[in-house]
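> Sequence below, structure please.
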Amino acid sequence: MHSDPRRKFLRHLTFSVGSLSLASCGGGTQSAEVGLAGAVAPDATATAAPATPAAAPAAAPAPASAPSSAAIQPRWLANKPINEWFAIPGTIHAGSAAAPTDNPLDPYAASNRRLAYSGMALRQAEIILAACGGHNDYAGNEVTSLDLSLDSPAWVLRKAASAPKENVPYYPDGTPASRHTYWSSNWNAERNRVMLHYSRFVYGSAVSFTSSNGFNLDTNSWDAAGTWADGYGAGCADADGNCYALGDGYFRLKKWTASSDTWSTVATFATAINVNPVCYDNARGHLFALAWGDGQGNALGGGPIGLSAFKIVGAVKTDITFRASDALEKFKSDAPSYSGMEYDPLNDQYLFYEGAAGRTTRMYIIQPNDTAVWDMRLLTLGTGSQVPVAAVRGGVFSRFRYVPALRGFVLMSSGTSELYFMRTA
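This next block holds a predicted model:
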């Protein structure tokens, strides 16, 4: 672990943003790639993983409160203007200490293949890739991370990949199989774990299992099989670390309560809610989901494909519409899929990013209010903004993250390009 004093401070930082991993809660058909990412309709391929149950780790002490404004400014961020993408030097995953044999010039490098239909977790200012890839894209279940609080952030290998085996929830050494993580990688402070709820499309023939997994960043080790309750593809997390999965059976909202490691049904709705991305707005205490169709290229609820937008407060769902704008028409024509969305508390707005080829500078701003009619507009980037490379291997998912301590967004488009960052305050 690093001894940088800023890291010590960050351990006590309490987030005011809603989506720490902003994650999937979506669905659609049960095909190999566009099936429900986590919160699933009945799926014959999803089975419970046989395991001897173990006690879940006790809850960690609650962190001390801290201001939500930026607490640190590492050298790479100093004097950067607002609303401009820039590359963070030295942050290419391929060829780093985390993947020394990878060639950054190879588009098929393992550092790209392990991003297939996968996102990343965020612990304070550290981003983590854990057991991602899966299906026929990548077998490795290694864990790598990068701490953005450092003046010169660099990728580190926390746990090397295990010998793989196809179509199983756990590899022979007992560590969890690589899988498409979609939006479901979440850091949970109370449990002191990176959590992967549900094992969707593991390495091999894209079979799925209900097993959930936890990785301890203090010991760089996976918890034993059966430690955590079988679950659903956790979407976003609230300020208390509770996770939400939209669309179990298409209509049910599920909640994981971190303190008890239990899943419960919050509500069953009359219309389908298997939409992603989704994030939690801690300022208003609601979930907000926005997508074209289900967010994975499919129509929602069997009807014609179109704009899906709604908020959920408790067991009450409210459909959201938008005032006419050029941004709204552009969103419809883009028909984005496999996108990321995060809440920016300092500007009280949601930022939606797809990152597809030809659209990497396009960012949608969603301005909420207390009614059911909101505003959508396009973010105007500064004149010095760089053009990020397109998201690889399916989409960006939760590799687009708001980092409260840095007052901005980090973007991992690929494993063979540098990370990008954009200040928003």
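> Secondary structure class of Ala291, three-state.
Per DSSP: H, G, I helix; E, B strand; the rest coil, the local secondary structure of Ala291 is strand.
> Same question for the one 4 residues further on.
The three-state label given to Gly295 by three-state DSSP is coil.
> And it, what's its pLDDT?
Gly295 carries a pLDDT value of 94.
> What distance do you get for it to Gly395?
With distances taken as Cβ to Cβ, to the nearest Å, Gly295 is found 9 Å from Gly395. For every residue, glycine as well, the C-beta is placed using N, CA and C.
> Between these two, which contacts overlap?
337-339 (Cβ atoms under 8 Å, 6 or more residues apart in numbering).
> more neighbours, Gly295 and Gly395?
Gly295 (31 against 26; other Cβ atoms under 10 Å).
> Tell me how far that one lies from Val387.
Using Cβ to Cβ, Gly295 is found at 24 Å from Val387.
> again, but for Asn220
Distance from Asn220 to Val387, by Cβ to Cβ: 36 Å.
> Buried residues, the longest helix anywhere in the chain. List them.
If you go by DSSP state H, the chain has its longest helix at helix 326-334. Buried residues in helix 326-334, counted by 16 or more other Cβ atoms under 10 Å: 327-328, 331, 334.
> so what does it touch, helix or strand wise?
Contacts defined by 3 or more Cβ pairs under 8 Å, 6 or more residues apart in numbering; DSSP states H and E place helix 326-334 against strand 286-292, strand 364-367, strand 373-378.
> Deepest in the core, which of the ones you listed is it.
Of all the helices and strands packed on helix 326-334, strand 286-292 carries the top mean neighbour count, a mean of 25, counting by mean count of other Cβ atoms under 10 Å.
> Averaged pLDDT, that one. What do you get?
97.
> And the next helix or strand past it?
strand 307-313 (DSSP states H and E).
> Of Asn220 and Val387, which one has the most company?
More neighbours surround Asn220 than the other of Asn220 and Val387, with 15 against 10 (other Cβ under 10 Å).
> returning to that earlier point: of all the helices and strands packed on helix 326-334, which lies closest to Arg423?
Arg423 lies closest to strand 364-367 among these, at 14.9 Å (Cβ to Cβ).
> neighbouring contacts of the closest one?
For strand 364-367, contacts defined as Cβ under 8 Å, 6+ apart pick out 288, 290, 327, 331, 341, 348-353, 374-379.
> how distant is that strand from the center of its chain?
Relative to the centre of its chain, strand 364-367 is centred 19 Å away, using Cα atoms, centre = their mean, to the nearest Å.
> Direction included, what does that strand pair against?
Sheet pairing of strand 364-367 (DSSP bridges) gives strand 349-353 (antiparallel), strand 373-378 (antiparallel).
> contacting residues around the first one?
Right, strand 349-353. 277, 279, 281, 288, 290, 336, 339-344, 362-368, 379, 396, 400, 402, 409, 411, 424.
> any residues touching the longest helix of the chain, and which ones?
292, 306-307, 322, 354, 356, 359, 362, 364-365, 376-378.
> next helix or strand past it?
Next along from helix 326-334, by DSSP H and E: strand 340-344.
> tell me the angle that following strand makes with strand 286-292.
Counting by axes from the mean of the first three to the mean of the last three Cα atoms, to 10 degrees, strand 340-344 lies at 140 degrees to strand 286-292.
> what lines up beside strand 340-344 in the sheet?
Counting by DSSP bridges, strand 340-344 is paired with strand 349-353 (antiparallel).
> what's the pLDDT at Ser24?
So Ser24 comes in at 35 (pLDDT).
> One more: Ala44?
According to the model, Ala44 carries a pLDDT of 38.
> partners of Val403 in the sheet?
Bridge pairing for Val403 - DSSP bridges - gives Gly408.
> Check the spacing between it and Met412 real quick.
Going from Val403 to Met412 by Cβ to Cβ gives 12 Å.
> which stretches of this protein have low pLDDT?
Along the chain, the model assigns pLDDT under 70 to residues 1-70.
> Spit out the contact partners of Asp281.
For Asp281, the contact set (Cβ under 8 Å, 6+ apart) comprises 18, 287-288, 311, 343, 350, 368.
> of the residues you listed, closest to Thr271?
Lys311 (13.7 Å).
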